[in-house]
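got a predicted model here, sequence first, then my questions.
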Amino acid sequence: MNGVRHHWRRPGLIVLLLLAAHGALGLHSMDRKSATFDEYKHLRNGYIYLRPGVYSRVPEPDELINPPLVNAITALPLYGLRLTGNEAAGDLETEAAPRTKEEAWKRTFPFDTGRHPDDLLARARPATLVLSLFAGLLLFSWARRLYGEGGAFLALTLYALSPNILAHARLVTVDLGFAAAALLLAHACWRSASSPGHGRAVWFGTALGLALLTKHSALVLVPPLAAAFVLRRLALPADTPGRRAAGIAGHLLLAAGCALAVLWAGCRLFLVPAFNASGAAGAGGVWGFIADPVKLWLHGVFIVKDARMNAFLFGRLSLTGWWYYFPAAILVKSTIGALFLAGTATIAALAGAARFRHRRTEAADELFLWLPSLFFLGVSMAGGINVGLRHVLVIYPLLFLLAGRLWRTSLRSRAARAALLLTLVLHAGSSLAVHPHYLAHFNRLADGPENGYRTMVDCNLDWGQDLRLLAERLEASGSPEVRLAYFGPTPPDIYGIRQHPVSRENEMHPEPGFYAVSATRLQNLYGFQRTPERFRWLRDRPPDDQVGYSINLYRISPAEAERLAQGGD
């Protein structure tokens, strides 16, 4: 027991070990995975934001819709490279029209840079992991202020070993960066409300501006955080109601002004040069200098607002999705341990909010955690993009932090402490069991990752990340020719895969052969409206093997092909 106490007096060592484990797991996992669907786009845009005019194949303005901050950060390791886009991969003539899908593929970033895509990703991906480590450190610091060191270790363990955090901490996308920015924003808002001052208001506004430069969805966090701010200020002593109201209004106005200044400066620095390079002319003059940055940012808001995507959930397909899509995604893709702890903490915090008058300060502090989380989830449930858990990843750090409150409760009995530690062990075990395939994590409520393709696809499971592992598996088997139906951004021959692309006729009717079929292609997510029969003959057949849980392997004999063609089992 004395040894345990001795270690608890050294929180820095435990924090270092947890963050080191997070970093090591992320680095090893990213080294095993090929590109996911959005990574090339984000990396290209980030490079264009940093070095406008260098890359010659500038995309259309509507492709530069993401706010620039995270894209620019992840592209920083590429700054010293001159990626002009004038070197088509292989022996292709850049002037000739592409004759095949593969040739067209190689006329796009990064294949037109003359560099292997894995080399560029290896440079850029660690930048996202650094953002994740920063978020973990901030989470620990805030949780320690609210719940003490025990609660902080609990929150950081949930974060550092979360398969969903690890899945996106090693990708060149904006989702983890947005989660980190949102945590920074909520923390700055809390500090500003609990200890008012002009400097705190400026920092609150700066954090809001940075979050808005990370993802348009940061707008959704403004109403709940403003409400939390007001309620937390009401918990402070004040001379008169009038002075209190004036102080709150002045503080929020100062923060809003700083946020607009940071947003304008970031868009002026990154977005405007990129749009000019794409041929989209601004208003010009003094008015254009002032208005163009905000207009370009708002342009992205309107594009995202009207976005709709096909959805797949529990074997069903939809053009519009379901209101319960994100709660279902959280339920099946979180570890059972994290579900139990975060869910219990949220219920306890809501119960505490009902007793606001008696526990005013503590209840007001927790508003900054559960109120933006639940509000963001509610808005997402009403939206039209039911494609992946990543769109609500932002709530995970906040709810993990809120789970830190359970540490104090566990101190009341040994049984409670034992249950808490066991839950953390189950959380860690579930995450480590799926390493390095974190994107494919599904808990046992969905029958595990091996059955994930029956539950959810696209970026919940199959985002193109296992093409390199497929190539390694095929090479180990003597490099057989494979009938490949791949969902991803990379030409298979980049990895030397000898493929026989699955024809449209073969998609509709079985033929003998060795198949490798991505889960998203198997479930026909992006073709069910035009060709509902695609892969129906294969969908209910269990795979013979899997690669990273996202690519199913099948060996179809002539006899089985004939039986499947006749609708047999």
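Cool, the structure landed.

quick one: low-confidence parts of the stretch 101-250 of the chain?
Applying pLDDT under 70 to the stretch 101-250 of the chain flags the ranges 101-107, 238-239.

try the chain
1-9, 61-62, 87-107, 238-239, 278-285, 305-306, 355-360, 567-569.

domain ranges for it?
Domain segmentation of the chain under automatic domain parsing yields 85-115, 125-280+308-433, 459-565.

and the last one, end to end?
Looking back up the chat, that one is domain 459-565. 31 Å (C-alpha to C-alpha, to the nearest Å).

for the remainder of this discussion, apply numbering that starts at 714.
Sounds good: first residue 714 from here, last item domain 1172-1278.

what about the strands in the stretch 1064-1213 of the chain?
Ranges of strands in the stretch 1064-1213 of the chain, per DSSP state E, counting those that start in this stretch, are 1196-1198.

what segments of it are helices?
1073-1094, 1108-1116, 1119-1123, 1127-1146, 1180-1189 (DSSP state H, counting those that start in this stretch).

longest helix in this protein, please.
Counting by DSSP state H, the longest helix found in the chain is helix 830-873.

any idea which helix or strand comes after it?
Next helix or strand after helix 830-873 toward the C-terminus (DSSP states H and E): helix 876-882.

who are the packing partners of that following helix?
Helices and strands touching helix 876-882, by 3 or more C-beta pairs under 8 Å, 6 or more residues apart in numbering; DSSP states H and E, are helix 724-745, helix 830-873, helix 888-907, helix 1108-1116, helix 1127-1146. For glycine as for every other residue, the C-beta is placed from the backbone atoms N, C-alpha and C.

make it 6 Å
helix 724-745, helix 830-873, helix 888-907 (3 or more C-beta pairs under 6 Å, 6 or more residues apart in numbering; DSSP states H and E).

tell me where the stretch 914-1063 of the chain has strands.
1024-1026, 1029-1031.

which one of the ones you listed lies closest to residue 1228?
strand 1024-1026 (20.0 Å; C-beta to C-beta).

so which other helices or strands are in contact with the closest one?
By 3+ C-beta pairs under 6 Å, 6+ apart, strand 1024-1026 packs against no helix or strand.

and the residue lying closest to residue 1138 once chain neighbours are set aside, what does it touch?
Distances taken as C-beta to C-beta, 6 or more residues apart in numbering place residue 1050 nearest to residue 1138, at 7.8 Å, with adjacent residues excluded. Applying C-beta atoms under 6 Å, 6 or more residues apart in numbering to residue 1050 gives the contacts 1136, 1139-1140.

ok, now how distant is residue 1050 from residue 1188?
37 Å (C-beta to C-beta, to the nearest Å).

tell me the secondary structure of residue 778, please.
coil (DSSP: H, G, I helix; E, B strand; the rest coil).

beta partners of the nearest residue to residue 1254 once chain neighbours are set aside?
Distances taken as C-beta to C-beta, 6+ apart put residue 1267 closest to residue 1254, at 6.8 Å, once the chain neighbours are dropped. Beta bridges link residue 1267 to residue 1228 when assigned by DSSP bridges.

my read: residue 1066 touches residue 1078, true?
No: Residue 1066 lies out of contact with residue 1078 (C-beta atoms under 6 Å); the separation is 10.9 Å.

now the residue sitting nearest the centre point of the chain: closest residue in space that isn't a chain neighbour?
Centre of the chain computed as the mean C-alpha position; nearest residue by C-alpha atoms, centre = their mean is residue 888, 3.3 Å away. Computed as C-beta to C-beta, 6+ apart, the closest residue to residue 888 that is not its neighbour in sequence is residue 1103, at 4.3 Å.

over to residue 1074?
Counting by C-beta to C-beta, 6+ apart, the residue nearest residue 1074 is residue 948, at 5.3 Å.

tell me, how many residues neighbour the one you found?
Burial of residue 948 is recorded as 17 neighbouring residues (other C-beta atoms under 10 Å).

gap between it and residue 1046?
36 Å.

do the same with residue 831
27 Å.

neighbour count: those two, which is higher?
Neighbours were counted for residue 831 and for residue 1046 using other C-beta under 10 Å; residue 1046 has more, 26 against 17.

residues contacting residue 927?
780, 782-783, 890-891, 894 are the contacts of residue 927 under C-beta under 6 Å, 6+ apart.

how about it: what's its closest non-neighbour residue?
residue 894 (4.2 Å).

residue contacts, the one you found?
Residue 894 touches 923-924, 927, counting by C-beta under 6 Å, 6+ apart.

burial measure for residue 1186, as a count.
18.

cool, and residue 1196?
The number of residues near residue 1196, taken as other C-beta under 10 Å, comes to 19.

so how far is residue 1130 from it?
Counting by C-beta to C-beta, the gap from residue 1196 to residue 1130 is 54 Å.

thought residue 1228 was touching the residue nearest to residue 1254, still the case?
Yes: Residue 1267 sits in contact with residue 1228 when judged by C-beta under 6 Å, with a separation of 4.2 Å.

who has more neighbours, these two?
residue 1228 (25 against 19).

picking up where we left off before, ranking the contacts of residue 927 by neighbours, who comes first?
residue 780 (30 neighbours).

how close does the closest residue to it other than its chain neighbours sit to residue 897?
Spatial nearest neighbour of residue 780, excluding adjacent residues (C-beta to C-beta, 6+ apart): residue 926 at 4.8 Å. In this view, residue 926 and residue 897 are 12 Å apart by C-beta to C-beta.

looking at these two, which is more packed in?
The residue with more neighbours, out of residue 926 and residue 897, is residue 926; 26 against 21, by other C-beta under 10 Å.

that one and residue 1002: what is the separation?
18 Å.

quick one on the thing from earlier: could the contacts of residue 1050 be laid out in a markdown table, adding neighbour count?
A markdown table is the format used below for those (neighbours: other C-beta atoms under 10 Å):
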| residue | neighbour count |
| --- | --- |
| 1136 | 22 |
| 1139 | 15 |
| 1140 | 23 |
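
relative to residue 1254, which of these is nearest.
residue 1139 (32.7 Å).

excluding its backbone neighbours, what's nearest that closest one?
Using C-beta to C-beta, 6+ apart, the closest residue to residue 1139 is residue 1050 (4.3 Å).

ok, now how distant is that neighbour from residue 1130?
Distance from residue 1050 to residue 1130, by C-beta to C-beta: 15 Å.

before we move on, what about residue 1140?
Counting by C-beta to C-beta, the separation of residue 1140 from residue 1130 is 16 Å.

got it, and residue 1054?
Residue 1054 is 13 Å from residue 1130, by C-beta to C-beta.

quick one: which of those two has more around it?
A count of neighbours by other C-beta under 10 Å puts residue 1054 above the other of residue 1054 and residue 1130, at 26 against 15.

out of everything not next to it in sequence, what's closest to that one?
Excluding the flanking residues, the one nearest residue 1054 by C-beta to C-beta, 6+ apart is residue 1116, at 4.3 Å.

any idea how many residues pack against residue 793?
As a measure of burial, residue 793 has 8 neighbours, counting by other C-beta under 10 Å.

any chance of the helices and strands packed on helix 876-882 in a markdown table, plus distance to residue 1180?
Putting those into a markdown table (distance: least, C-beta to C-beta, whole Å) gives the following:
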| stretch | distance to residue 1180 |
| --- | --- |
| helix 724-745 | 11 |
| helix 830-873 | 10 |
| helix 888-907 | 21 |
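
deepest-packed of the ones you listed, please.
Among those, helix 888-907 has the highest mean neighbour count (mean count of other C-beta atoms under 10 Å), at a mean of 26.

now the angle between helix 830-873 and that one, please.
Using axes from the mean of the first three to the mean of the last three C-alpha atoms, to 10 degrees, the inter-axis angle of helix 888-907 relative to helix 830-873 is 40 degrees.

pull the CA atoms of helix 888-907 into CSV?
Extracted in CSV, the C-alpha atoms of helix 888-907 (Å, rounded to 0.1, in the frame of the first residue of the first chain):
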residue,chain,number,x,y,z
ASP,A,888,-11.5,15.3,-36.7
LEU,A,889,-9.0,14.8,-33.9
GLY,A,890,-7.7,18.3,-34.4
PHE,A,891,-11.2,19.6,-33.9
ALA,A,892,-11.7,17.5,-30.8
ALA,A,893,-8.5,19.0,-29.4
ALA,A,894,-9.5,22.6,-30.4
ALA,A,895,-13.0,22.1,-28.8
LEU,A,896,-11.4,20.9,-25.5
LEU,A,897,-9.2,23.9,-25.5
LEU,A,898,-12.2,26.1,-26.2
ALA,A,899,-14.3,24.6,-23.4
HIS,A,900,-11.3,24.9,-21.0
ALA,A,901,-10.7,28.6,-21.9
CYS,A,902,-14.4,29.3,-21.5
TRP,A,903,-14.5,27.7,-18.1
ARG,A,904,-11.4,29.6,-16.9
SER,A,905,-12.8,32.8,-18.2
ALA,A,906,-16.1,32.2,-16.4
SER,A,907,-14.7,31.0,-13.1
